[in-house]
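> For reference, the sequence and a predicted model appear below.
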Amino acid sequence: MRLQDWRSKFQKMLAEKENQPFAYGKNDCALFGADVVFALTGNDPALKYRGKYRSLSGGLKLIKKDGFKNQIDYVVLNFKEIPPAFSGIGDIGIANYNGQDCVVAIAGTFAVAVGEFGLVRIDLETVNKFYKV
């Protein structure tokens with residue numbers, strides 16, 4: 001369930017991440033999805049993973065120990081997929097960004113993802129699947 005002040009917490013989280021560079025284990029697409037969930041609900045689904053890896057292979061090794069193929073598999077198995085027309089601000093999605101599937105935040109008429117030097121806007125048409133937060 002979303003917190004009463006989820007909108008302000010979501011906006012604050014986006015502002016804090018705006019210019020934060022990509023870093024595995026600190027600010028990557030998987031943790032960004034968890035940051036969205038935390039801002040909206042107060043529950044951090046990635047608490048046990050934060051700061052515990054420094055590479056894609058390290059992150060995958062951790063999540064595979066919990067029975068998931070990758071971060072996308074985690075989202076698919078833990079969140080309810082919804083039709084694009086039912087998605088709204090604060091929901092998450094899976095989009096192809098720079099040739100890789102990544103977790104993005106729905107921010108209105110666009111999605112937001114973690115880029116090399118901070119957050120980047122992505123056209124909603126590139127979001128393949130949408131999930132309710």
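Structure's in. What do you need? Residues are numbered from 1 along each chain as shown.
> all helices in this structure, in order from the N-terminus.
Secondary structure of the chain by DSSP state H: the helices cover 6-17, 29-41, 56-65, 71-78.
> Report the buried residues of stretch 107-116.
Using 16 or more other C-beta atoms under 10 Å as the test for burial, stretch 107-116 gives 107, 110-115. Quick note: C-beta positions are derived from backbone N, CA and C, even for glycine.
> who touches the lowest-mean-pLDDT helix or strand in the chain?
Ranked by mean pLDDT, DSSP states H and E, the weakest helix or strand in the chain is helix 71-78, scoring a mean of 93. Here helix 71-78 makes contact (C-beta atoms under 8 Å, 6 or more residues apart in numbering) with 29-30, 33, 45, 59, 63, 68, 92, 94, 101, 103, 129, 131.
> and which of the residues you listed is nearest residue 11?
residue 92 (15.9 Å; C-beta to C-beta).
> what residue lies at the spatial centre of this protein?
By C-alpha atoms, centre = their mean, the chain has its centre lying nearest to residue 33, at 1.7 Å.
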